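S.K.: how would this look folded up:
(chains A and B)
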Amino acid sequence: MYAIIAGAGKVGRNLARELSSKDHEVTLIESSRACYVASEEEFEHAIQYGDATELWVLERAGIQRADLVIAVTGDDEDNILVCQVAKEKYLCERVIARVNNPRNHDHFRLLGIQPAVSATDLILRLIEHEVPRYGLVHLLALEEERLEIIELEVAADAPTVGERVSDIALPEGSLIISVLREGSGFVPKPDTVIAAGDEVLLVLDPGLEDSITSYFSANGQHASI
Amino acid sequence: MFVLIVGAGRVGATVAKSALAAGHEVSVLDEDPLSHERLDAGQSESWEDSGGQFTVGTALETEALIQAGIERADAFIASTAGDNTNLVIAQIAQKRFGVERVIVRVMDPARADWYGEQGLETISPTKHAIAMFKSALETEAEAVA
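M.R.: Numbering: from 1, shown residues only, chains lettered A, B, ... in the order given. Have a look, this model is predicted:
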């Protein structure tokens, strides 16, 4: 695979090292002269000096044959434009962008730059996993498909404790796909009975978290998300 | 017509003043509060007294754009100092807020051309400068010959 990485900061350099060690071909593009000079000795011909938002710089790096373009500069506008041009002008199939300011995430989405990775969001996700609010954890969001997978811990006095899966009238657009009990997981059958302390995995349409939580938390309490 | 201009530098501020003088409703957004002085310079009345609007904020902040009136803008001009900022906010104006007329300054001629083909109205001062230098040189050459 041939990958072009825009931005030779800590993230870009480490990505380049990882990809090279897995025998992929990599070119780093760095627009700061000082940063380029500092990295040139290590990366040699695999780093180029230039502004990756300029077309000729991308062309010099061989954008036409790139399988993957990764934009990890410290500037969100630059990351958006590098990926947009790679995708729409040079028809590169896969792009990955770094979001520096989480408030810009919407702009990446609006301009079709997916996936867009934000360190802040990732850390928040981890915090949520470690300290789940109302026992709800987001495991996976399939944004394009508009689905998500969540994990919920069943509270002792939740309305669904002792109920068979087939008797639980979950909202339209949600489904229990797995139950984790005493360290092992299984796919529930219609007659599986939900017990307190179970962890249930559900696939659902985005926006249903709030109503789903009430089925598995104490006294049908609603989460405020 | 309601015109929103982002970036009150020499170009943005001058275009803002002439649009206001031409009878348009004009709102200006800039991250630097001091850029307001450019709008007042050489005018007998202050920018606001003449009917202009000025908002401090960065153009990538959706709230700042809304505060500056993007939702009712008929025309949007992106004239900040950065090509990349201009290209991103112009697309936000077009795709998210559906502004009918979006004009964007792009110094880089290559990208001015490509984004022009993608449906943005781009203005590249660099292209004009190149053309003028070329023709100035040719005129000179003719005079010498």
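
S.K.: so is stretch A:98-109 next to chain B?
M.R.: Yes: using Cβ under 8 Å from any Cβ of the partner chain, stretch A:98-109 reaches chain B at A:Asn101, A:Arg103, A:Asn104, A:Asp106, A:His107. For the C-beta atoms, the positions are set from N, CA and C on the backbone; glycine is no exception.

S.K.: now do the buried residues in the helix or strand where the fourth one lies.
M.R.: A:Asp106 is located in helix A:105-110, with elements delineated by DSSP states H and E. Of the residues in helix A:105-110, those buried by neighbour count under the rule 16 or more other Cβ atoms under 10 Å in any protein chain shown are A:His105, A:His107, A:Phe108.

S.K.: then stretch A:89-105?
M.R.: A:Lys89, A:Tyr90, A:Cys92, A:Val95, A:Ile96, A:Ala97, A:Arg98, A:Val99, A:Asn100, A:Asn104, A:His105.

S.K.: kindly report the same for stretch A:65-73.
M.R.: Neighbour counts over stretch A:65-73 (16+ other Cβ under 10 Å) mark A:Ala66, A:Leu68, A:Val69, A:Ile70, A:Ala71, A:Val72, A:Thr73 as buried.

S.K.: where does the most centrally placed residue in chain B land on pLDDT?
M.R.: Chain B has B:Ser79 as the residue nearest its centroid, 3.2 Å off, counting by Cα atoms, centre = their mean. For B:Ser79, the pLDDT comes out at 97.

S.K.: can you name the residue of chain A nearest chain B?
M.R.: For chain A and chain B, the shortest gap (Cβ to the nearest Cβ) falls at A:Glu77, measuring 4.0 Å.

S.K.: which SS class is the residue sitting nearest the centre point of chain A?
M.R.: For chain A, A:Val117 is the residue whose C-alpha lies nearest the centre (Cα atoms, centre = their mean; 6.0 Å). With DSSP: H, G, I helix; E, B strand; the rest coil as the basis, A:Val117 sits in strand.

S.K.: what residues are up against it?
M.R.: A:Ile96, A:Ala97, A:Arg98, A:Val99 (Cβ atoms under 8 Å, 6 or more residues apart in numbering or on different chains).

S.K.: among the residues you listed, name the ones in strands.
M.R.: When DSSP state E defines the strands, the subset of the contacts of A:Val117 inside them is A:Ile96, A:Ala97, A:Arg98, A:Val99.

S.K.: picking up where we left off before, please name the bridge partners of the residue nearest to the centre of chain A.
M.R.: Beta-bridge partners of A:Val117, counted by DSSP bridges, are A:Arg98.

S.K.: about what we covered before: how near is the residue of chain A closest to chain B to A:Ala218?
M.R.: Distance of A:Glu77 to A:Ala218, given as Cβ to Cβ, to the nearest Å: 46 Å.

S.K.: does the residue of chain B at minimum distance from chain A lie in a helix or a strand, and which?
M.R.: Nearest residue of chain B to chain A: B:Asn84, at 4.0 Å (Cβ to the nearest Cβ). Secondary structure from DSSP H and E places B:Asn84 in helix B:83-91.

S.K.: which elements pack onto that helix?
M.R.: helix A:76-88, strand B:75-78, strand B:101-105, helix B:109-117 (3 or more Cβ pairs under 8 Å, 6 or more residues apart in numbering or on different chains; DSSP states H and E).

S.K.: A:Gly197 is nearest to which of the ones you listed?
M.R.: helix A:76-88 (43.2 Å; Cβ to Cβ).
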